[in-house]
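Novice: Predicted model and sequence follow; I will ask about them next.
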Amino acid sequence: MVKKPAQIHGVLAVDKPAGWTSRDVVNKAGRWLGEREVGHAGTLDPDATGVLLLTIGEGGKLVRWLQDAKKTYVTVITLGQATQTDDAAGPVTAQAPVPTTLDPLQIQAILDSWRGELLQVPPQVSALQTDGQRDHERVRRGEVIERPGRPVWLEHARLIEVNAPDLTLEVTCGAGFYIRSLARDLGVALGTLGHVKTLRRTSGGGYPIAQCHALADLLLQTEPARFVEPLLDAAARVLTKVTVEYETALHLKQGKLPVIAQHLVDGDCLVVFGDLPIAVCRAETTEQGSKLQVVRGFAWPLPELEGEAPPLGD
């Protein structure tokens, strides 16, 4: 059976409801869209809500950059209890008294001391893998997972409210950062224990929550394509756009390494010809300009003659 090519290419920004896995949302949205090439850019735990970016068709080639973009969360942390999962979904494994006085200035000072790059130990229950087996599967078999700290990035964590035993925080962080680990570590730093009570992602991949669609509302709509942001616009949220001439675009399609006169910042960029995305390229400074090397190319062809590019999906 020949796989039908995707007709829609881009990103669908969903406000994920609680109780759904990220895969549940992908499957439901794929059936609603009538597309098989649907994925997501960054898992949310089942009980978490908020920004979940679904990639459709060629939009799947943007996953790396959408995931690597910073994310913001609002979380409520409950002190006094540790759980197996470091959130409210897991059984309580230990309890400790909550300090009678929770000083907001002390809490904020602890959070500020963690800003920047730090080593963070992932939760026992996670989607990380060892020898092809996910940690959460091993924990369910009774194994104890011991992982070393991993470098992650915390831009800031701001204390919003103290309502003992709960603390409300806003956290902006990089890829791979676990809010559940932050809750666990903050509890210990305050002389007690802690776990995530609620978690909501309020921005990610360049999308604020205000621009996301409630899943229940989406599923009532009869024109799915109009809710998908086109690939060009979605990519421009996380990548610098570089417009090139026809010859350069053709060279990139042919696997060559063209040098353009523009002196770009070294790193990844979105290369376009007219309104047609050509590839995500890595720019490298040379004396003549910037050398472009394709990291991920997009599948549609260039028009045969210079001029208006054909619509995406044709």
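Specialist: Now that the structure is in, tell me what you want to look at. Residues are numbered from 1 along each chain as shown.

Novice: where does the stretch 51-200 of the chain have low pLDDT?
Specialist: Across the stretch 51-200 of the chain, the stretches falling below the confidence threshold (pLDDT under 70) are 125-148.

Novice: In the stretch 51-200 of the chain, what residue spans correspond to strands?
Specialist: Applying DSSP state E, counting those that start in this stretch to the stretch 51-200 of the chain gives strands spanning 71-79, 81-83, 92-95, 116-120, 129-130, 133-134, 150-163, 166-173, 194-204.

Novice: For the second one, which strands pair with it and how are they oriented?
Specialist: Spelled out, that is strand 81-83. Sheet partners assigned to strand 81-83 using DSSP bridges are listed as strand 92-95 (antiparallel).

Novice: Return the set of buried residues in the strand it pairs with.
Specialist: Within strand 92-95, no residue is scored as buried using 16 or more other Cβ atoms under 10 Å. Bear in mind the C-beta positions are built from the backbone N, C-alpha and C, glycine included.

Novice: related to what we said a few turns ago, nearest to R184 among the strands of the stretch 51-200 of the chain would be which one?
Specialist: For the strands of the stretch 51-200 of the chain, distance to R184 was read as Cβ to Cβ. The smallest value, 5.9 Å, belongs to strand 194-204.

Novice: just to revisit the earlier point, CSV for the strands of the stretch 51-200 of the chain, including distance to S22?
Specialist: Formatted as CSV, the entries for these read as follows, by distance: least, Cβ to Cβ, whole Å:
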stretch, distance to S22
strand 71-79, 14
strand 81-83, 21
strand 92-95, 26
strand 116-120, 21
strand 129-130, 16
strand 133-134, 14
strand 150-163, 20
strand 166-173, 18
strand 194-204, 11
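
Novice: next one: phi and psi at the closest residue to D68 other than its chain neighbours?
Specialist: With Cβ to Cβ, 6 or more residues apart in numbering as the criterion, D68 has its nearest non-adjacent residue at 5.0 Å, and that residue is A175. Recorded main-chain torsions at A175 are phi -60, psi 140, according to degrees, to the nearest 10.

Novice: Could you measure from A175 over to P230?
Specialist: Distance, A175 to P230, using Cβ to Cβ, to the nearest Å: 24 Å.

Novice: Tell me which of these two has more neighbours.
Specialist: For A175 versus P230, neighbours defined as other Cβ atoms under 10 Å are more numerous around P230 (18 against 15).

Novice: Beta-bridge partners for that one, please?
Specialist: Taking DSSP bridges, one obtains G10 as the residues bridged to P230.

Novice: can I see the domain layout of the chain?
Specialist: Per automatic domain parsing, the structural domains of the chain span 10-68+206-232, 71-204, 239-297.

Novice: Pipe these into TSV and attach distance to E304 per row.
Specialist: TSV is the format used below for those (distance: least, Cβ to Cβ, whole Å):
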stretch	distance to E304
domain 10-68+206-232	20
domain 71-204	39
domain 239-297	10
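
Novice: List the contacts of the closest residue to D87 other than its chain neighbours.
Specialist: The spatial neighbour of D87 that comes closest, neighbours along the chain excluded (Cβ to Cβ, 6+ apart), is V196 at 4.1 Å. Taking Cβ atoms under 8 Å, 6 or more residues apart in numbering as the definition of contact, the neighbours of V196 are T75, V76, I77, T78, D86, D87, A88, I179, R180, A183.

Novice: gap between the nearest residue to the fifth one once chain neighbours are set aside and T83?
Specialist: Nearest residue to D86 in three dimensions, chain neighbours excluded: R180, at 3.6 Å (Cβ to Cβ, 6+ apart). R180 sits 9 Å away from T83, going by Cβ to Cβ.

Novice: Repeat that for T168.
Specialist: From T168 to T83 the distance is 19 Å (Cβ to Cβ).

Novice: Of these two, which one has the most company?
Specialist: It is T83, of T168 and T83, that has more neighbours when counted by other Cβ under 10 Å, with 24 against 16.

Novice: The more buried one reaches Q95, doesn't it?
Specialist: No - distance between T83 and Q95: 10.3 Å, which falls outside the contact criterion (Cβ atoms under 8 Å).

Novice: Report the beta-bridge partners for the residue nearest to D87.
Specialist: Here V196 sits in beta bridges with I77, D87, as judged by DSSP bridges.

Novice: coming back round to it: out of the domains of the chain, which is the most enclosed?
Specialist: Per-residue neighbour counts averaged over each of the domains of the chain give the maximum for domain 10-68+206-232, namely a mean of 19 (mean count of other Cβ atoms under 10 Å).

Novice: State the distance spanning the first to the last residue of that domain.
Specialist: Domain 10-68+206-232 has an end-to-end distance of 8 Å (Cα to Cα, to the nearest Å).

Novice: count of neighbours near H9?
Specialist: Other residues close to H9 by other Cβ under 10 Å number 25.

Novice: Could you pull up phi and psi at it?
Specialist: Recorded main-chain torsions at H9 are phi -130, psi 120, according to degrees, to the nearest 10.

Novice: same question, the one 5 residues further on
Specialist: The phi/psi pair for V14 (degrees, to the nearest 10) reads phi -110, psi 140.
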